[in-house]
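Below are the sequence and a predicted model; questions follow.
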Amino acid sequence: MLASAALIFGLVMVLLVLAFRRRKGPGDEPQQVRIWIIGLGLVFPMSVLAALLVYGLAIGERLLPREGDDVARVGAEGRRWVWTFSYEDAPGRTTQDILHIPAGRPVDVAITTADVIHSFWVPRLAGKLDAIPGRVNTLRIEADAPGTYAGVSAEFSGAGYDRFTFSVTAHDAAGWDAFLKGDTE
Amino acid sequence: MNALERHRKLTAIWASEPGWRGWFSTVNHTDLGRMFLVTAFFFFIIGGLLAMLIRAQLATPQSAFAGPEIYNQIFTMHGTIMMFLFAIPTFEGLAIYLLPKLLGTRDLAFPRLTAYGFWCYVFGGTMLLVAMVLGIAPDGGWFMYPPLSGPLYSPGINTDFWLIGITFVEISAIAAAVEITVSILKYRAPGMSLDKMPIFAWYALITALMILTGFPPLILGSILLEVERAFGLPFFQAELGGDSLLWQHLFWLFGHPEVYIIFLPAAGVISTVLPVMCRTTLLGYGWIVAAAVSLAFLSFGLWVHHMFTTGIPHMGLAFFSAASTLVAVPTGVQIFAWIGTIWKGRPELRLPMLHILGFFATFVIGGLTGVMVAVVPFDWQAHDTAFITAHLHYVLFGGFVFPIFAGVYYWLPHFTGRRRFFHLGELAFALVFIGFHVTFLAMHWVGLLGQRRRIPTYAPEDGWTAINLISSVGSFVLAIGIGMILIDVILHALTAARGRRNPWRAGTLEWAMITPPPAYNLASLPHVTSREPLTQEPDLAVRLARGEGYLATPRHGWRETLTVDVASGRPDMHVLYPTNTLLPIIMSAVTGVFFLSLLLKFYWTVPLAVAGVAYLAWRWVWVLGRKEDLDALPMGHGITLLNAAMTDHSPGWWGTVFLLTANATFFGSLLFGFAFLWTVAPGWPPPAWFVASPVELGFGILGAALGCFAIGHAIVVNRRNGSPLPGLVLTLAGALAVAVACAAMMARTPSPEAHAYGATLFVLGSYGLFHAVLGALMASFLIARVLQGFTSPMRRAEFTIVGLWVGYLSVVGTLVLLAGHLPGLAS
Amino acid sequence: MTDLIRILIAPLVWLAAFSAIYGLHGLICGHGIEGAALGLPMQRLLLIMAYIVAVLLQATLLAALYHPRLASTSNFVSFVSHATGWTGLVATGWSLLPVVMTSYCT
């Protein structure tokens, strides 16, 4: 995307520079309209954009949460300025500002808020999704490998916004079992 | 009469009052346009200083420059000032100054309204500045999302300043939009059909129509949020049946068109200036008009792309993603038409052209990153990061500030009648261009690295330190460049090098006058036969000054002009303007008392202010008009025209049509909000439903029908020389019946503080009641006019205007009552 | 005024259809609609039907704008109204394309 954007930008700049070098553009006015407006103004962007749109929609579809049997489900509740995470497989268990997930398995995060709008964002695992009062939004994330992933709240929430961060710890299968049993903190 | 005598006579008629009083009583568009522009640039400087504070804060990690409380106010005010107090007023000022000159006429349609809008802008803007000086400025971000901006999480007065101040300022936007629309459609030189209009007028017309349909959702949202904050009626609280997403819909329903409301006037400047810089004509005039119209409409179908991360189902997002990519097409048409224009002509690298090239480089990047964030998965990552901040600055600085600088330098000789003496401008442009790109390219980068927008500090280990420092250094270069432009402009206005007339050898009519322009613009009005009258007739200015056009002879000390048929440009009415008056500033001051009382919760002064505004509005219309018919008067060149007061579709009628368009958008947004809460919000159904009453409903609808029928009857009877009084009295009765039915509905609404259902019904009822009272006032006004002899079968313009309002009242009154009663009756 | 309407009508109808189908989609997802017909779930079928109606409406409008009896007497206005008419048709086809491309309530 970045490369094609740079290419288009380059094309526009070249056309501008050439405009200053040439003495006279090609053809009469109707022909100029055909070249500049119909060709470069209509046909060119529409073909690029159509391709981009179809591509974007297809990717968006792929990122949607689908049903599956190995999906782990967790909850994330934002409150100024702390995240509380809960686990379907370990009822009653909550953690603050550290979300534990199994690695290599899809995880659905049910995102809610106790006060204002927040946004749950772990850049390396998925895009962001807002926590909206009165609603539950579900985000599908998946960590390929065990490890720690940084997360932030990405919707302005007042004076403590800059410090409103959390982290995600992805466990291997054994570590995840241990976490669910309450062996790890 | 020779040219000099004519100049003296016209100046005596059209000039503002001498001395300081003239500043406050002027209704002249040249004066007010200049005042608008100077005020807007004053706010631009303030907003720019705030931007410098932001960059100072972010230049180093863990900065202790400003705490979060202050920093949040700074960035909120930066966005608010630039959007509402700089960009929109700059368009208004430029359009107000230029349009009558470009269109070959003497003033805008409603001179007193121009002044009223200006003073509302000044007073509203001052309220926000006072809040900032006192350290209690809004701090919720410029889009003010509830619940953060709601009563629970922002209990202070900060948010109220925003909601009330901005609503006050928006009065001026609506006023200017009505004014600009009617002026472009009706107030043109004879012969100027739609296809001969200067391209800037097309852009201004489209922008004004967009303001009329884009601003009402925000005004509604602001009113609802303020009512929630002040009186506890829940609209945005999920636990009480409201929905914070409703605000986002209303805000972005305004907010996205707003971007194009800012861009289109700038595109109008480019389309005007660029061909002159290239010694040619605009390539594809008709294509550009069509592209601008398409852009305007498409921009209303994009608002949800600001809400891609709110959890709306994918198909919903996909609609807006598709529309957001599509909007790039008409933009592309314009960009390539402009490049084609350069190829067609012989470009000269003069100062306005430099800024236009700056526009191309910057705006195209902004557009391309815009297409990127239109792609949903990309936006899920980029949303609310510095990447978005960078993108929007590329769009707005590239798409507005560069073109406006081009326009400022292009029309400076017109504003002042002087030529540039010190050539600071070229160096300033280089600094602005380099500074801008350093600042915001760096910001793209740091955004992709994950820096969120609106954070006051970051940690050294985030790894953003160097990039932020580069960005801040760039911003100071940019600020120095802008400072130099301002100095250049001030020096230009002060140095005494007289310029020659039409220094750019342009073809449009604003150059067919002496500069700086006289109060009356054109000594006589031209007959237009081409898009570039000055190219066709280079000595046009002299001929007009000699009085060879229309309305060449001043008479009776009147401020006169004529209007034309919308499509063909055939002259159709003679217009007499009101003269200098303090009424606009007084009325906007009283309007200010109304808003200030709400802000400070002095509720006992609110009814006083409302009564004051009503009284002044009554006087406003009362002082116009006369007690005897006017004959059709000669306009010159053998044309005679009837005065506008003796037609059915007077300028006031046209203004009402467009004001009601904005009003209907407001009402439509309210109905949308009602349906949205009902179907989408959590926390429904409400604990208690409104108990429907067939009697109240029937009474109200009968009243609405009666009012509508009776005013129609009065219009017809008056024209046939009968007495309109019975019809008018029945109109009054009908309006009062609607008022009673709406008031009854409000009184019986189940506890508005307890649930959004009751709250919305209450607001709907107030809307109906307000319009019913307004209709009753207008009917009373007409009765008084008839009794005082201000109307006749000929002098009938006021009837059709009241007819529009009463017809509108009938429709909205009926809909309001149905919205309240029908669900109860149906179940 | 009629000339202005000729220019504005097609994109205006697009805006109305676009908002209506977005609203329809919201309603369909908010209130579970059951059933299937023609081998498609009811929800999808309703959306596709609305899509077809919107496109047909635009095509009719465009034909009307080209029709000699309804076209403007001004060459300029007919040119611009044809261009905006095409805009309406293309925008309808384009912006509502997700109706057949994406999943509807997730």
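Good, I have the coordinates.

switch to C-alpha atoms for all contacts and neighbour counts from now on
Will do.

So is the top helix by length along chain C next to chain B?
Ranked by number of residues, the top helix in chain C under DSSP state H is helix C:2-30. Yes - Helix C:2-30 is in contact with chain B by C-alpha under 8 Å from any C-alpha of the partner chain, via C:3, C:8, C:11-12, C:15, C:18-19, C:22, C:25-27, C:30.

Go through that helix and flag the buried ones.
Neighbour counts using 16 or more other C-alpha atoms under 10 Å in any protein chain shown place C:3, C:6-15, C:17-18, C:21-22, C:24-26, C:28-29 of helix C:2-30 among the buried residues.

Tell me the helices and strands packed up against that helix.
When contacts are defined as 3 or more C-alpha pairs under 8 Å, 6 or more residues apart in numbering or on different chains; DSSP states H and E, helix C:2-30 packs onto helix B:285-298, helix B:314-326, helix B:651-680, helix C:42-66, helix C:75-95.

Give me the angle between the first one and helix B:314-326.
It refers to helix B:285-298. Helix B:285-298 runs at 160 degrees relative to helix B:314-326, counting by axes from the mean of the first three to the mean of the last three C-alpha atoms, to 10 degrees.

Tell me the confidence at the residue of chain C found nearest chain A?
Nearest residue of chain C to chain A, counting by C-alpha to the nearest C-alpha: residue C:102, 6.6 Å away. For residue C:102, the pLDDT comes out at 82.

Could you list the low-confidence segments of the chain?
Since you didn't name a chain, this refers to chain A. A:22-27, A:184-185 (pLDDT under 70).

Wait, chain B was what I had in mind.
B:496.

and stretch B:76-86, does that touch chain A?
No - if you take C-alpha under 8 Å from any C-alpha as the test, stretch B:76-86 misses chain A, and the best it gets is 11.3 Å.

Tell me how many other residues crowd residue 42.
Picking chain A for this. 21 (other C-alpha atoms under 10 Å in any protein chain shown).

ah, no, chain B please
Every residue meeting other C-alpha under 10 Å relative to residue B:42 is counted, giving 14.

for residue B:730, same thing?
Residue B:730: 21 neighbours (other C-alpha under 10 Å).

contacting residues for it?
B:706-707, B:710-711 (C-alpha atoms under 8 Å, 6 or more residues apart in numbering or on different chains).

What residues of stretch B:810-824 count as buried?
So for stretch B:810-824, counting by 16+ other C-alpha under 10 Å, buried means B:810-822.

Tell me which of those residues fall in helices.
B:810-822.

how about these in CSV, adding distance to chain A?
As requested, those are exported to CSV (distance: C-alpha to the nearest C-alpha, whole Å):
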residue, distance to chain A
B:810, 38
B:811, 35
B:812, 32
B:813, 33
B:814, 33
B:815, 30
B:816, 28
B:817, 30
B:818, 29
B:819, 25
B:820, 26
B:821, 28
B:822, 28
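
in chain B, which spans are strands?
B:560-564, B:571-576, B:633-636, B:639-641 (DSSP state E).

can you check chain A too?
Under DSSP E, chain A gives strands at A:72-79, A:82-87, A:94-96, A:98-102, A:107-113, A:118-121, A:129-131, A:137-141, A:147-153, A:165-171.

Let me see the domain layout of chain A.
A:2-63, A:72-181 (automatic domain parsing).

Least confident secondary structure element in chain C?
Sorted by mean pLDDT, DSSP states H and E, the helices and strands of chain C end with strand C:36-37, the least confident at a mean of 76.

From the chain's centroid, how far away is that strand?
Relative to its parent chain, strand C:36-37 has a centroid offset of 24 Å by C-alpha atoms, centre = their mean, to the nearest Å.

do you know how far residue B:814 is from chain C?
Counting by C-alpha to the nearest C-alpha, to the nearest Å, the gap from residue B:814 to chain C is 22 Å.

I figured that residue was touching residue B:703, is that so?
No - if you go by C-alpha atoms under 8 Å, residue B:814 and residue B:703 don't touch, sitting 9.3 Å apart.
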